[in-house]
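Novice: Sequence first, predicted coordinates after that:
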Amino acid sequence: MSAFATGALMGFAIAAPVGPIGLLCIRRSLADGRAAGLATGLGAAAADATYGIAVAMGLAATGLLAYALPMQILGGLLLIWLGIGPLRSFLHPATHPPAGRTGLDTLRAFSGTYLLTLSNPATILAFLAMLAGLGTAAAGGPVWLVAGVFAGSALWWLMLVHAALYAGRYLTPQSLRRIDLASGVILILWGAVLVVKPLI
């Protein structure tokens, strides 16, 4: 198997489990449209590729793991902050359709999930475990491996965004408000666990 195909499988497998970023991607796709959903997913894909570069090039993975605790707390705080948005939308629903996303809004969606994914030490652990299992199969070239990681991860987010948009055509405004409430509560609780757990 080529390094690109290996990386694509890794990127897809790491992105596929629906966690807080997946939930955020679905919610933004439904509330703000395709551009916001794709920007959210591509931010995560870019972070996966960043970790892929670090691991493929042997750039002090153990050094990054030494900062796992503060990274986890930072990620938890960021999740809490991101969860406030859906709750505000639930408490103060818009009385008119949302305007199109601006370039700055899209950039914020991208950068927010990029930082959130980077703050998750489980991502680099997943890369280390996969590379250890693949052995020489992943040694065909770090550039192609990282390109594959980004492509595989981006493919998953593209599929998730369009699945959410398809489902959204059958959702009522009341259903969308419930999604705002559920996603906001889940993101805040998830973030609180990440912040509090290391301190107990």
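Specialist: That came in fine, so what should we check first?
Novice: where does the protein dip in pLDDT?
Specialist: By pLDDT under 70, the low-scoring segments of the chain are 1, 56-67, 94-104, 127-141.
Novice: Select the longest helix from it.
Specialist: For the chain, the longest helix by residue count, based on DSSP state H, is helix 142-168.
Novice: and that helix, which residues are buried?
Specialist: 142, 144-158, 160-161, 164, 168 (16 or more other CB atoms under 10 Å). C-beta coordinates here come from the backbone N, C-alpha and C atoms, glycine included.
Novice: what packs against that helix?
Specialist: helix 3-15, helix 20-32, helix 34-56 (3 or more CB pairs under 8 Å, 6 or more residues apart in numbering; DSSP states H and E).
Novice: can you give me how far the first one is from the chain middle?
Specialist: By that I understand helix 3-15. Relative to its parent chain, helix 3-15 has a centroid offset of 15 Å by CA atoms, centre = their mean, to the nearest Å.
Novice: List the buried residues in that helix.
Specialist: By neighbour count on 16+ other CB under 10 Å, the buried set for helix 3-15 is Ala3, Phe4, Ala5, Thr6, Gly7, Ala8, Leu9, Met10, Gly11, Phe12, Ile14, Ala15.
Novice: Could you export the residues you listed as a markdown table, including distance to Ser175?
Specialist: Converted to a markdown table, those look like this (distance: CB to CB, whole Å):
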| residue | distance to Ser175 |
| --- | --- |
| Ala3 | 44 |
| Phe4 | 40 |
| Ala5 | 39 |
| Thr6 | 40 |
| Gly7 | 38 |
| Ala8 | 34 |
| Leu9 | 35 |
| Met10 | 35 |
| Gly11 | 32 |
| Phe12 | 29 |
| Ile14 | 30 |
| Ala15 | 26 |
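Novice: what's the closest of these to Leu69?
Specialist: Using CB to CB, the shortest approach to Leu69 within the buried residues of helix 3-15 belongs to Ile14, at 21.4 Å.
Novice: wait, that closest one sits on Ser153?
Specialist: Yes - counting by CB atoms under 8 Å, Ile14 touches Ser153, with 6.8 Å between them.
Novice: Give me the contact list for stretch 33-50.
Specialist: Applying CB atoms under 8 Å, 6 or more residues apart in numbering, the contact partners of stretch 33-50 are 11, 14-15, 21, 24-26, 28-29, 98, 100-101, 105-107, 109-118, 123, 146-147, 149-150, 153-154, 156-158, 160-162, 164-165.
Novice: Equivalent analysis for stretch 165-180, please.
Specialist: Defining contact as CB under 8 Å, 6+ apart, one finds that stretch 165-180 is touched by Ile26, Arg27, Ser29, Leu30, Ala31, Arg34, Gly37, Pro86, Leu87, Ser89, Phe90, Pro93.
Novice: Please indicate which of these are buried?
Specialist: For these, a burial check counting by 16+ other CB under 10 Å picks out Ile26, Arg27, Ser29, Leu30, Ala31, Gly37, Pro86, Leu87, Ser89, Phe90.
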